[in-house]
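> just need the structure, nothing else, for what follows:
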Amino acid sequence: MRKDRRLLLGAAIFAGAFAVSSGTAMAKTATIAFVPKLIGIPYFNAMKVGLDKGGKQFGATIIYQGPTTATVSGQVEITQSLINKHVDAVGVSANSPTALEALAKKAHDAGILFYSSDSQVDGPDVDLRVSQADDKDLAYTVIDQLAAQVGDKGDVAFVSGGPTATNLNTWIGFMKERLAQKYPQVKLVSIQYAGEDINQATQVTSQLLSAYPHLAGIVGVNSTAVPGAAQAVLRAGLSGKVAVTGITDPNTIRPYVNNGTVKSVVLWNPVDLGYLTVWGVVQLLDHKPLQASNSVPGLGTVQYFPDTKTLLLGKPLVIDKSNINLDF
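Below you'll find the predicted structure:
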């Protein structure tokens, strides 16, 4: 049974539990922990802004801890330590869909709400999944941007992050589907992995440019791959000749949009994603069931899909010169 967030005055207080007697109710501030794939990159920094904003708005204490590199083992260690601290809720942006499934069960058995946001965890013990956009819609939008820039034909490559990352592999699957169904003359020649590291993405892209001298375009599947790919294209003197697009934030990619190396990228607002995550978790901690359509203060209407326990932030956003000054 989940920890009750209401504490009655006059109750005897025991460590890790709440005893209740008749009297006036007093609200307890929930402690909500989030473990990103890693700390220190602009995308998750922006998501933390939203988490903190949501904590202030909805009366929750936010704990934000993550590994310094995008490793499954790092996430497992930190998540386990948070479960041991008996926080009210703990969640992750998963580096693997299955590796944290056992920890979801441990949290569940300890009466702790377990959720995932941004990149999801499999299994029945996940109480809530918060998704940035429909996976198919997002992936299709990226490929449509790519195809428009390469003239619907040519060899292209993908540079992704971790090879087991839930969200990235889902997007790659839908990207392949879109290419096969709508752009048969655009040929995917390679998928490479660079972790969550811009410098590594630059190196990987440089290798791709050497291996495939007629490459028409590159898709960065995560937020660090796109600027890394753009840097490699710029260094090779191929700006305007090799298209670079993918999934990243405006603050990271702005220099490359302004100098013409990148025409457009696709994302959502990670600040809003963090904010929505806190709202959804607080609703469940307060025993307020989510509806198919929810009115979220500051965000408007947000859809919930009970079959997958998923809150969906909204439609993907195309970022180009017209809106590159967005700040997140």
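> partners of whichever strand or helix holds Ser116, with directions?
Taking DSSP states H and E as the criterion, Ser116 maps to strand 113-117. According to DSSP bridges, strand 113-117 forms sheet pairs with strand 89-92 (parallel), strand 128-131 (parallel).
> any weak-confidence spans in this structure?
By pLDDT under 70, the low-scoring segments of the chain are 1-27.
> and the helices in it, which stretches?
The residue ranges that make up the helices of the chain, judged by DSSP state H, are 42-58, 72-84, 101-109, 135-150, 166-182, 198-211, 225-235, 250-258, 270-285.
> dump those to TSV, plus distance to Ser190 and mean neighbour count.
Heads up, the C-betas are built off the backbone N, CA and C, glycines and all. Output for the helices of the chain, formatted as TSV (distance: least, CB to CB, whole Å; neighbours: other CB atoms under 10 Å):
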stretch	distance to Ser190	mean neighbour count
helix 42-58	24	21
helix 72-84	24	17
helix 101-109	31	18
helix 135-150	14	20
helix 166-182	12	18
helix 198-211	6	19
helix 225-235	12	26
helix 250-258	21	19
helix 270-285	28	24
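> for Val296, give the beta-bridge partners.
Beta bridges link Val296 to Gly300, judged by DSSP bridges.
> ok, it - how many residues close by?
Look at Val296: counted by other CB atoms under 10 Å, it has 17 neighbours.
> so who does it touch?
Contacts for Val296 (CB atoms under 8 Å, 6 or more residues apart in numbering) come out as 276, 279, 302.
> follow-up on the earlier one: could you dump the strands paired with strand 113-117 into TSV with distance to Val266 added?
Output for those, formatted as TSV (distance: least, CB to CB, whole Å):
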stretch	distance to Val266
strand 89-92	23
strand 128-131	15
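> export the helices of the chain to JSON lines and append columns for distance to Pro36.
Converted to JSON lines, the helices of the chain look like this (distance: least, CB to CB, whole Å):
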{"stretch": "helix 42-58", "distance to Pro36": "4"}
{"stretch": "helix 72-84", "distance to Pro36": "9"}
{"stretch": "helix 101-109", "distance to Pro36": "15"}
{"stretch": "helix 135-150", "distance to Pro36": "19"}
{"stretch": "helix 166-182", "distance to Pro36": "12"}
{"stretch": "helix 198-211", "distance to Pro36": "16"}
{"stretch": "helix 225-235", "distance to Pro36": "17"}
{"stretch": "helix 250-258", "distance to Pro36": "15"}
{"stretch": "helix 270-285", "distance to Pro36": "10"}
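> so for Ile191, which of these sits nearest?
Closest of these to Ile191 is helix 166-182, at 6.7 Å (criterion: CB to CB).
> what's that closest one in contact with?
Applying CB under 8 Å, 6+ apart, the contact partners of helix 166-182 are 93-94, 96-97, 118-122, 135-136, 138-140, 142-144, 147, 158, 160-163, 186, 188, 191, 219, 221-222, 247.
> on that earlier part again, what's the closest of the contacts of Val296 to Arg235?
Nearest member of those to Arg235, counting by CB to CB, is Leu276, at 37.9 Å.
> you'd agree that closest one is up against Leu299?
Yes - using CB atoms under 8 Å, Leu276 makes contact with Leu299 at a distance of 6.1 Å.
> need the overlap of contacts for these two.
When contacts are counted by CB under 8 Å, 6+ apart, Leu276 and Leu299 have Leu313 as shared neighbours.
> alright, that wraps it up for me.
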